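Engineer: sequence first, predicted coordinates after that:
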2 protein chains.
Amino acid sequence: MSRSGADLALLLLGGFRVLVDDAIMELAERGYEDFRPVHDFAMRAIAAGADNASELGRRLSVSKQAAAKTVAVLEERGYVARGTDPLDARRKRLQVTALGFEVMRVGEAVFDELRDKWKRKIGAKQLERLEADLAALVGAATVRIETPGWIAHSLDETT
Amino acid sequence: MSRSGADLALLLLGGFRVLVDDAIMELAERGYEDFRPVHDFAMRAIAAGADNASELGRRLSVSKQAAAKTVAVLEERGYVARGTDPLDARRKRLQVTALGFEVMRVGEAVFDELRDKWKRKIGAKQLERLEADLAALVGAATVRIETPGWIAHSLDETT
DNA sequence: CTCTTTAGACAACCAGGTTGACGATTCAAG
DNA sequence: CTTGAATCGTCAACCTGGTTGTCTAAAGAG
């Protein structure tokens, strides 16, 4: 049953989408409306020390303007707070709020539950094997989760 | 080594991106500049009988305007031709050109080569296993490859 | 012959990125 | 202390790839 390479790509994309769509839907049901992976990524980066928009942009490999937009929605939802920096009047210091940490925790739990569901379907051993194989295949390539024309551009146009 | 559910999602996305980015790069090197999965999809649909923009839109679950835009780039690159329909003066009959079929064939070959590379890395048996597992997990969910706010919206908002 | 449906085109808009410019502030160097 | 370069955040304009709404022309049903 030798599938084609294109089918393999579709399966991978399908797996990702099923997982993420389910997670977003579940999060919405639990009261966290329209929470997306990119939000989680940004909050993690902020919690990890990217406490201003420019730095956040650098960490996410995105322009500072794009980072600022993301921060704006996170602030609006109450997931991060923006204060002034006493040491540098240019900066707006970013901080993940309690609510922000909560939604991150719940998001993690939701993903873990989904993974458990998969584990029950194909078995723990095989799921770990699948993950190990994928890790080997993907290698060191860092996954940039947003990427607008994602399906379009290669990561570094060596053209 | 129990990974988290979020990591699993990232691995799947990473696998897809590595595959697709490599394929696009390889296609570009072979002279097919900026050829993307969505183009292949559209051409297949056209070849399969969606011979006008409105029908194409319906098949791809996309507005007829979006379909028309895709057709425009395919026509510009010489992959599809647009003629008049003798039976219906409203329609512009679409046809995949010889060049169009060529790029589809090459694209398929490129993907198959990439799959072979993976096969050499983790073994034929295990790759087939991986595909079978993914197929079981993804289930019947049809993968809509474009999807603009893909990472955002769920397929059918049962909210 | 008239009413409704359909194809395709045009325009306006949206999301989520991009680049460029700019004022305010910081910092390094003379 | 002053001055020039770098950096922060913001604003504005633009790009891509979708969307909806509107319109004309053609087709088809009654």
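Structural biologist: Arrived safely.

Engineer: so residue A:34: helix, strand or coil?
Structural biologist: Three-state assignment for residue A:34 (DSSP: H, G, I helix; E, B strand; the rest coil): coil.

Engineer: thought it was touching residue A:74?
Structural biologist: No: in this structure, residue A:34 is not within contact of residue A:74 by CB atoms under 8 Å, at 11.7 Å. The C-beta positions use only the backbone N, C-alpha and C, and glycine is treated the same way.

Engineer: neighbour count winner among the two?
Structural biologist: Counting neighbours by other CB atoms under 10 Å in any protein chain shown for residue A:34 and for residue A:74 shows that residue A:74 has the greater number, 23 against 13.

Engineer: I'd say that one and residue A:39 touch.
Structural biologist: Yes: if you go by CB under 8 Å, residue A:74 and residue A:39 touch, sitting 6.2 Å apart.

Engineer: what about residue A:13, neighbour count?
Structural biologist: 25.

Engineer: leaving out the residues flanking it, which one is nearest to it?
Structural biologist: Distances taken as CB to CB, 6 or more residues apart in numbering or on different chains put residue B:16 closest to residue A:13, at 4.5 Å, once the chain neighbours are dropped.

Engineer: which residues touch the one you found?
Structural biologist: A:9, A:12-13, A:16 (CB atoms under 8 Å, 6 or more residues apart in numbering or on different chains).

Engineer: can I get the residues you listed in CSV with distance to residue A:136, pLDDT and secondary structure?
Structural biologist: Below are those laid out as CSV (distance: CB to CB, whole Å; pLDDT from 0 to 100; DSSP: H, G, I helix; E, B strand; the rest coil):
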residue, distance to residue A:136, pLDDT, secondary structure
A:9, 17, 89, helix
A:12, 14, 90, helix
A:13, 19, 87, helix
A:16, 18, 88, helix
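
Engineer: just the closest of those residues to DNA strand C, please.
Structural biologist: Comparing these against DNA strand C with CB to the nearest atom of the strand picks out residue A:16 as the nearest, at 15.9 Å.

Engineer: would you turn the contacts of residue B:16 into JSON lines with distance to residue A:81?
Structural biologist: JSON lines is the format used below for the contacts of residue B:16 (distance: CB to CB, whole Å):
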{"residue": "A:9", "distance to residue A:81": "41"}
{"residue": "A:12", "distance to residue A:81": "37"}
{"residue": "A:13", "distance to residue A:81": "36"}
{"residue": "A:16", "distance to residue A:81": "32"}
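
Engineer: out of those residues, the closest to DNA strand D would be?
Structural biologist: Of these, the one sitting nearest to DNA strand D (CB to the nearest atom of the strand) turns out to be residue A:13, at 13.8 Å.

Engineer: give the other helices and strands that the helix or strand residue A:108 falls within contacts.
Structural biologist: Element membership for residue A:108, per DSSP states H and E: helix A:98-122. On a contact count with 3 or more CB pairs under 8 Å, 6 or more residues apart in numbering or on different chains; DSSP states H and E, helix A:98-122 meets helix A:5-29, helix A:37-47, helix A:124-138, helix B:5-29, helix B:124-138.
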